[in-house]
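Visitor: Quick one: sequence plus predicted model below, questions after.
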Amino acid sequence: MPTLRVELMEGRTPEQKKELVKALTQAVVNTLGSKPEAVDILLYDIKRSDWATGGVLWSERE
């Protein structure tokens, strides 16, 4: 049972997440030969104030 953990900066719509999990599930099916019902995907929304790149919080970027 493959399990994918996806961390996203908050703000994605439910529709975008729905399309993402469909695409990721299909990629696992195509690549690993898993059945779709065996693929688990965990989505984690991360606040901009809890995510930094290059030493700068995303909440502080212009």
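Guide: Happy to help now that I have it. Residues are numbered from 1 along each chain as shown.
Visitor: who are the neighbours in contact with the closest residue to Asp40 other than its chain neighbours?
Guide: In space, and not counting its chain neighbours, Asp40 is closest to Thr3: 4.3 Å by C-beta to C-beta, 6 or more residues apart in numbering. To be clear about C-beta, it is placed using only N, CA and C from the backbone, and glycine gets the same treatment. Residues in contact with Thr3, defined by C-beta atoms under 8 Å, 6 or more residues apart in numbering, are 39-42.
Visitor: ok, Thr3 to Glu19 distance?
Guide: The gap separating Thr3 from Glu19 is 19 Å, by C-beta to C-beta, to the nearest Å.
Visitor: which of the contacts of Thr3 lies closest to Glu62?
Guide: Within these, the smallest distance to Glu62 is 31.5 Å, found for Leu42 (C-beta to C-beta).
Visitor: Sticking with that closest one, tell me its helix or strand.
Guide: Applying DSSP states H and E as the criterion places Leu42 in strand 40-46.
Visitor: Now that strand: buried residues?
Guide: Ile41 (16 or more other C-beta atoms under 10 Å).
Visitor: and for the very next helix or strand once past it, what are the contacting residues?
Guide: Downstream of strand 40-46, the first helix or strand assigned by DSSP H and E is strand 52-53. Outside of strand 52-53, the residues within contact range by C-beta under 8 Å, 6+ apart are Trp58.
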